[in-house]
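Student: coords please:
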Amino acid sequence: MTDATLKTAPLGKIPVTIITGFLGAGKTTLVRHVLAHSGGRRVAVIVNEFGDVGFDGDLISDCGEPDCQPVKVMELTNGCICCTVADDFLPALEAILAIEPQPEHILIETSGLALPKPLVKAFEWPAIRSRVTVDGVIAVADGPALASGLFAEDPSALKLQADADPSVEHDFPLAEVFEDQVAIADIVILNKSDLMSETACAEAEALIRAETSRPLRIVRTEHGRVEPALLLGIGAAVESDLANRPAHHDSESDHDHDDFDSFVMPLGVQRDAAAFAAKLSEVAARHDILRAKGFAAIEGKPMRLLIQGVGARVSQTFDRAWASDEAREGRLVVIGLKGLDRTAIEAALSA
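Tutor: Okay, the predicted model is just below:
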């Protein structure tokens with residue numbers, strides 16, 4: 001692929017692509033793939049972690065592939081990017097715009113609970129409107145979950161907890177987040193389609209299209225593998241098209257994430273990769289963990305084990321060799337509903 005295959009923004013503005021999607025859908029995997037196949041294009045990245053948890057920035061900075069070299073990665077961990085636009089996002093964007101030579105494209109990966117519309121509205125601000133444009137919004141969907149009309153691995157358990165909590169005033173927060181992410185998207189990536197039948201793919205696509213009346217392109221992918229030229233250079237100027245993208249939370253002034261908890265735990269050297277994945281799957285099912293992601297050192301193995309869990313579904317792969325001067329210390333990010341039993345989870349995974 002060459003730079004010529006990727007379009008540039010009009011009027012000298014730097015194009016920005018916003019990548020959104022629920023926890024575990026595959027956003028970071030998609031970003032890594034785009035960076036590794038951008039044909040030498042100068043791409044900068046802003047990645048927003050859930051709460052104060054930091055992990056995805058490391059994965060993006062070090063993709064384990066020689067061509068995956070973003071010019072800058074900025075990690076925002078002070079809260080959801082849609083709620084901290086003025087305090088965190090705008091300074092981060094201005095710092096990237098100050099880089100010389102300037103990036104040719106900017107990718108923004110939101111947290112899994114972000115509402116993308118407040119972020120897009122920030123591009124209307126005079127300080128940046130003349131310098132950047134939202135080239136497109138890409139929503140990444142977890143195909144196997146959607147195939148059953150679900151938004152997480154075990155949403156029935158989540159809904160029971162939400163119904164029992166008087167502080168939760170809306171019907172179902174996961175459904176609302178999904179609705180808002182699809183409503184503003186230009187393309188929806190139906191990820192993990194290799195784990196689905198043709199019928200399941202069609203059912204998931206129907207569910208996606210039911211969330212919007214606008215024409216919407218849906219692309220089936222495996223492991224986030226999609227041609228960057230399909231995602232970069234859409235030319236949608238989304239910040240000027242918000243009126244045509246109504247969202248569930250348009251009338252609300254804030255966005256509350258108090259229903260969720262997260263923490264990071266260290267992982268000692270593991271004897272067997274498959275055994276640890278099986279243990280994590282069992283613990284995730286027992287404690288209603290929404291998302292687990294991290295890496296571990298495996299006894300006798302020269303490569304780092306990358307761990308990705310969505311509910312009880314856990315995948316693992318050796319993503320790169322440990323550096324000679326790098327401590328072989330693992331860590332795991334765990335995300336779930338409020339009341340997550342950190343002590344029990346850490347004890348179970350350390351046993």
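Student: residues contacting stretch 175-184, please?
Tutor: 20-22, 113-117, 120, 137, 139, 141, 151, 170, 188, 208, 211-212, 216, 238, 242, 245-249 (Cβ atoms under 8 Å, 6 or more residues apart in numbering). Using the backbone N, CA and C atoms, a C-beta is placed for each residue, glycine as well.
Student: just the CA trace of it, in CSV.
Tutor: Once non-C-alpha atoms are left out, stretch 175-184 reads as follows in CSV (Å, rounded to 0.1, in the frame of the first residue of the first chain):
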residue,chain,number,x,y,z
ALA,A,175,-27.7,-0.5,25.0
GLU,A,176,-27.7,3.3,25.2
VAL,A,177,-24.0,3.5,24.7
PHE,A,178,-24.2,1.1,21.7
GLU,A,179,-27.0,3.2,20.2
ASP,A,180,-25.0,6.4,20.5
GLN,A,181,-21.9,4.9,19.0
VAL,A,182,-23.7,3.5,16.0
ALA,A,183,-25.8,6.7,15.5
ILE,A,184,-22.8,8.8,14.7
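Student: average pLDDT across that stretch?
Tutor: Regarding stretch 175-184, the rounded mean pLDDT is 84.
Student: equivalent analysis for stretch 39-53, please.
Tutor: pLDDT averaged over stretch 39-53 gives 75.
Student: among the contacts of stretch 175-184, which are in strands?
Tutor: Those of the contacts of stretch 175-184 mapping onto strands are 20-21, 137, 139, 141, 188, per DSSP state E.
Student: pLDDT check: weakest of those?
Tutor: Within the ones in strands among the contacts of stretch 175-184, pLDDT is lowest for Gly21, at 87.
Student: so who does that one touch?
Tutor: By Cβ under 8 Å, 6+ apart, Gly21 lies in contact with 27, 112, 139-142, 181, 189.
Student: can you check Glu239 too?
Tutor: Each residue near Glu239 by Cβ under 8 Å, 6+ apart is listed here: 120-121, 123-124, 129, 133-134.
Student: same check, this time on Asp261
Tutor: Contacts for Asp261 (Cβ under 8 Å, 6+ apart) come out as 335-340, 342.
Student: pairing partners for it in the sheet, please.
Tutor: In this entry, Asp261 is beta-bridged to Gly336, by DSSP bridges.
Student: coming back round to it: of the ones in strands among the contacts of stretch 175-184, which is the nearest to Val283?
Tutor: Gly21 (24.3 Å; Cβ to Cβ).
Student: next one: that closest one from Thr133, what distance?
Tutor: Gly21 is 21 Å from Thr133, where distance means Cβ to Cβ, to the nearest Å.
Student: cool, and Leu190?
Tutor: Counting by Cβ to Cβ - Leu190 and Thr133 are separated by 26 Å.
Student: with Val310 instead?
Tutor: From Val310 to Thr133 the distance is 32 Å (Cβ to Cβ).
Student: next: Ala98.
Tutor: In terms of Cβ to Cβ, Ala98 sits 18 Å off from Thr133.
Student: who has more neighbours out of the two?
Tutor: Between Ala98 and Thr133, counting by other Cβ atoms under 10 Å, Thr133 is the more crowded of the two (22 against 8).
Student: quick one: the helices in this protein?
Tutor: Ranges of helices in the chain, per DSSP state H, are 27-36, 56-61, 90-97, 116-121, 126-129, 143-147, 155-164, 173-183, 198-209, 228-231, 273-287, 342-350.
Student: quick one, which of the ones you listed is nearest to Pro266?
Tutor: Evaluated over these, closeness to Pro266 peaks at helix 342-350, with 9.0 Å, by Cβ to Cβ.
Student: give the rounded mean pLDDT of the closest one.
Tutor: The average pLDDT within helix 342-350 is 93.
Student: that helix: which residues count as buried?
Tutor: 345-346, 349 (16 or more other Cβ atoms under 10 Å).
Student: could you say what helices and strands it packs with?
Tutor: Helix 342-350 sits against strand 260-267, helix 273-287, strand 330-337, with contacts defined as 3 or more Cβ pairs under 8 Å, 6 or more residues apart in numbering; DSSP states H and E.
Student: mind putting these into TSV with mean pLDDT?
Tutor: Output for these, formatted as TSV (pLDDT from 0 to 100):
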stretch	mean pLDDT
strand 260-267	84
helix 273-287	92
strand 330-337	85
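Student: let me see the contact set for Ala273.
Tutor: By Cβ under 8 Å, 6+ apart, the residues touching Ala273 are 296, 298, 301, 305, 316, 318.
Student: give me the buried entries from the contacts of stretch 175-184.
Tutor: Among the contacts of stretch 175-184, those classed as buried by 16+ other Cβ under 10 Å are 20-22, 113-117, 120, 137, 139, 141, 151, 188, 208, 211-212, 216, 238, 242, 245, 247-249.
Student: which pLDDT value goes with the closest residue to Leu195 other than its chain neighbours?
Tutor: Using Cβ to Cβ, 6 or more residues apart in numbering and skipping the chain neighbours, the partner closest in space to Leu195 is Pro144 (4.9 Å). Per-residue pLDDT puts Pro144 at 87.
Student: ok, Ala86 next?
Tutor: 54.
Student: next: His249.
Tutor: Turning to His249, the model gives it a pLDDT of 65.
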